[in-house]
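Student: Next comes the sequence, and after it the predicted model I'd like to discuss.
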Amino acid sequence: MRQIKTLIAAGTLCFAILVTAQSPPPKLGYLRFWDMLPSANGVFELCKADGGDASPGLLSGTAYRYSSYGEFPVGRYQLAVFKKGDRKTRIKTFDIDLKADTYFTIIVSPQSIDAFDDTNDSKATTGSLTIRNYFPGLTVSVSSDTQTIAAAVAYGQSTMASGFPLKRAPLVLRTKLPNGTPAESTAEADFTASKRATLLIIPDSYGRFRPRVTIDGANR
């Protein structure tokens, strides 16, 4: 009887190992969706373009709120941006080939709606910083401890700086508020977490000058 039980247990273990070996985890890509317009413009949704009125939105944007990436099965996606509650009017459509471990950000901005490939370059040996100014009425300068990174980034503009060592990079931002008062804020880009980062110049929930740095191309 003891021998029979041992054989049954061994057979169960072999079966479990076989099932595990034949069921690898699904391959995933990553998307995030940001609304960088004032809340008076309404709420935007990212949906499948052919999903129909009743299909749930994939991602929803809230004014000046940045989010982390959502996980999606790999494949080719035709996506559309709609105003929430109006699925009849496509504001912008995108065809995205979402491969395993690729990262994309779709941004609703003052000038346009665009999709950006955030996937890290495995061969890169330095970090890159994208600066996006979505704070209405402000022109902002950005510097590090040793040099000016961007002298004057106006509202709605974006620029990229590269060549950062793969370590933490302190940033200093200076501007004049609409009433003429000088303002300064600090942030940090962590290039140990990813070779790409975005500096978002946006108002916080109280309308204050409080820029934020996001990690690009990594789901952290």
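Tutor: Arrived safely. Here the structure is a predicted model, which is why all the values come from computation and not from measurement. Numbering: from 1, shown residues only.
Student: what's the weakest-modelled helix or strand in the protein?
Tutor: When the helices and strands of the chain are scored by mean pLDDT, DSSP states H and E, helix 2-22 comes last with a mean of 47.
Student: Who are the packing partners of the helix or strand following that helix?
Tutor: Moving toward the C-terminus from helix 2-22, the next helix or strand (DSSP states H and E) is strand 28-35. If contacts are counted by 3 or more CB pairs under 8 Å, 6 or more residues apart in numbering; DSSP states H and E, strand 28-35 sits against strand 44-48, strand 59-61, strand 70-73, strand 92-98, strand 103-108. C-betas here are computed from N, CA, C, even on glycine.
Student: which stretches of this protein have low pLDDT?
Tutor: Applying pLDDT under 70 to the chain picks out residues 1-22, 52-54.
Student: Show me the domain layout of the protein.
Tutor: Following automatic domain parsing, one gets these domains for the chain: 26-119, 123-220.
Student: Out of the helices and strands packed on strand 28-35, which is closest to Ile201?
Tutor: strand 103-108 (13.3 Å; CB to CB).
Student: For that closest one, give me every contacting residue.
Tutor: Identification of contacts with strand 103-108 by CB atoms under 8 Å, 6 or more residues apart in numbering yields 29-37, 44, 46, 61, 69, 79, 81, 94, 96, 98, 113-120, 132, 198, 216-219.
Student: again, 6 Å this time
Tutor: Applying CB atoms under 6 Å, 6 or more residues apart in numbering, the contact partners of strand 103-108 are 30-37, 44, 96, 114-119, 217.
Student: swap in stretch 77-91?
Tutor: Contacts of stretch 77-91 (CB under 6 Å, 6+ apart): 42-47, 49, 53, 92-96, 98, 113.
Student: For it, list every residue counted as buried.
Tutor: By 16 or more other CB atoms under 10 Å, the buried positions in stretch 77-91 come out as Tyr77, Leu79, Ala80, Val81, Phe82, Arg87.
Student: How much space separates Thr89 from Ile107?
Tutor: Distance, Thr89 to Ile107, by CB to CB, to the nearest Å: 19 Å.
Student: re the thing from before, out of the contacts of stretch 77-91, who has the most neighbours?
Tutor: Among these, Leu46 has the most neighbours (other CB atoms under 10 Å), with 26 neighbours.
Student: Next up, the contacts around it.
Tutor: Phe33, Leu58, Leu59, Leu79, Val81.
Student: 10 Å instead?
Tutor: 31-35, 57-61, 70, 77, 79-82, 92, 94, 106, 108, 113, 115 (CB atoms under 10 Å, 6 or more residues apart in numbering).
Student: Likewise for Leu31?
Tutor: So Leu31 contacts 46, 58-59, 69-72, 77, 79, 96, 98, 102-106, 115, 118 (CB under 10 Å, 6+ apart).
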